[in-house]
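Q: pasting the sequence and the predicted coordinates here, then a few questions.
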Amino acid sequence: MAHFLTEKQDKLMQRARIIQRIRAFFIESGFLEVETPQRIPANAPETHIRPLASGDWQLQTSPELAMKRLLAAGYNNIFQISHCWRDAERGRKHLPEFTMLEWYRSHCDYTQLMSDCENLLRFLLPETELNYQGQRINLDQPFERLSVAEAFHRYTDTDPLSAIREDRFDELIAFSIEPRLGLTRPTLLYEYPAELASLARCKPGQPELAERFELYIAGLELANAFSELTDPKEQRLRFSMEMLKIPANNGRQTNLPEPFLSDLHRMPQAAGIALGVDRLVMLLTNSHSIDQVVAFTPEEL
């Protein structure tokens, strides 16, 4: 009955070595590894992410809020590898319980995280070429930096703001843009419309744009990064507007993460990023499905 575990053994051994290398990269770069609670009173409200209830609390969809409170308390460069949960997420690239790598830098913006992504991947793959499902991805040259506006111009028949108004933005990103990104070298898709800023700050001098980027390799979204918003009034307003979009009868939270909002005014300028470890292992082990790189899927329990 456990033959599937035997078949996965090589992949799981590679996974363990990859995670050890990730830790080594951040420790050698002067980061402090932290652990924060995974069962919390409230996540950041997001329309398209449904948390899992745990009694009257929730399982974390990301360690983001707790890690930012550490920044507000005076911590500088920190990282964490932890389990996260998101309800109703299952597919070749999705699991309802998954492993996330998050790291945060104080006193910088998201451009520093772009460099971190390049350095981390080259550290994990010193031969500087990734072979994934027949595609050869070059890591030696600088990663492509492509604005969202240029991506829409290049690959769709519309622009980002029109797509948002027509409720087509996510669809066009998923089906028209993502499959074309990171096919010969990794792509950093940056400068999202301010309407999609979430917890990111808007760009100084260009408030219609958010300082946010996503990392793509071989058409696969690997990471999401921000220059962090540190204005508690603006963040509360954004959370409140997001809550209005969430149906009241779907069992999701009705309260805001008040301790985070209370601490936010003490947080310095900072940037943070969340990277899917399971997807990274998929890429580095040339695995077609996320099921191949975890010990147990929900269906195997």
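A: Yep, it's here.
Q: what about R17, which SS state?
A: helix (DSSP: H, G, I helix; E, B strand; the rest coil).
Q: burial of it, as a residue count?
A: By other CB atoms under 10 Å, 13 other residues sit near R17. C-beta here means a position set from N, CA and C on the backbone, and glycine is covered the same way.
Q: and it, how close does it get to P45?
A: 37 Å (CB to CB, to the nearest Å).
Q: repeat that for D109.
A: Taking CB to CB, one finds D109 at 25 Å from P45.
Q: those two: which has the busier surroundings?
A: Neighbour totals were compared for D109 and P45, and P45 leads with 22 against 18 (other CB under 10 Å).
Q: could you pull out the helices in this structure for me?
A: Per DSSP state H, the chain carries helices over the ranges 3-28, 64-72, 110-124, 148-155, 160-165, 169-172, 232-245, 258-263, 277-284.
Q: now the longest one: buried residues?
A: In this case it means helix 3-28. Judged by neighbour count (16 or more other CB atoms under 10 Å), helix 3-28 contains these buried residues: 8, 11-12, 14-15, 18-19, 22, 25-26.
Q: distance between it and the chain's centre?
A: 20 Å (CA atoms, centre = their mean, to the nearest Å).
Q: packing partners of that helix?
A: In this structure, helix 3-28 makes packing contacts with strand 32-33, strand 78-85, helix 110-124, helix 277-284, judged by 3 or more CB pairs under 8 Å, 6 or more residues apart in numbering; DSSP states H and E.
Q: low-confidence stretches in the stretch 101-250 of the chain?
A: 248-250 (pLDDT under 70).
Q: how about 80 then?
A: Scanning the stretch 101-250 of the chain with the threshold set as pLDDT under 80 gives 247-250.
Q: neighbours around P37, how many?
A: Residues near P37, counting by other CB under 10 Å: 11.
Q: pretty sure it contacts M67?
A: No. Between P37 and M67 there is no contact under CB atoms under 8 Å: 11.4 Å.
Q: how about Y155, what does it touch?
A: Going by CB atoms under 8 Å, 6 or more residues apart in numbering, Y155 touches 176-177, 180.
Q: got it, and L65?
A: Neighbouring residues of L65 by CB under 8 Å, 6+ apart: 40, 43-44, 257, 260.
Q: residue contacts, the closest residue to K245 other than its chain neighbours?
A: Counting by CB to CB, 6 or more residues apart in numbering, T47 is the residue found nearest to K245 once chain neighbours are left out, at 4.6 Å. By CB under 8 Å, 6+ apart, the contact list for T47 reads 242, 245-246.
Q: equivalent analysis for A163, please.
A: With CB under 8 Å, 6+ apart, A163 has these contacts: 152, 156, 169, 172.
Q: can you rerun that using 10 Å?
A: 148, 152, 156-157, 169-173, 176, 193 (CB atoms under 10 Å, 6 or more residues apart in numbering).
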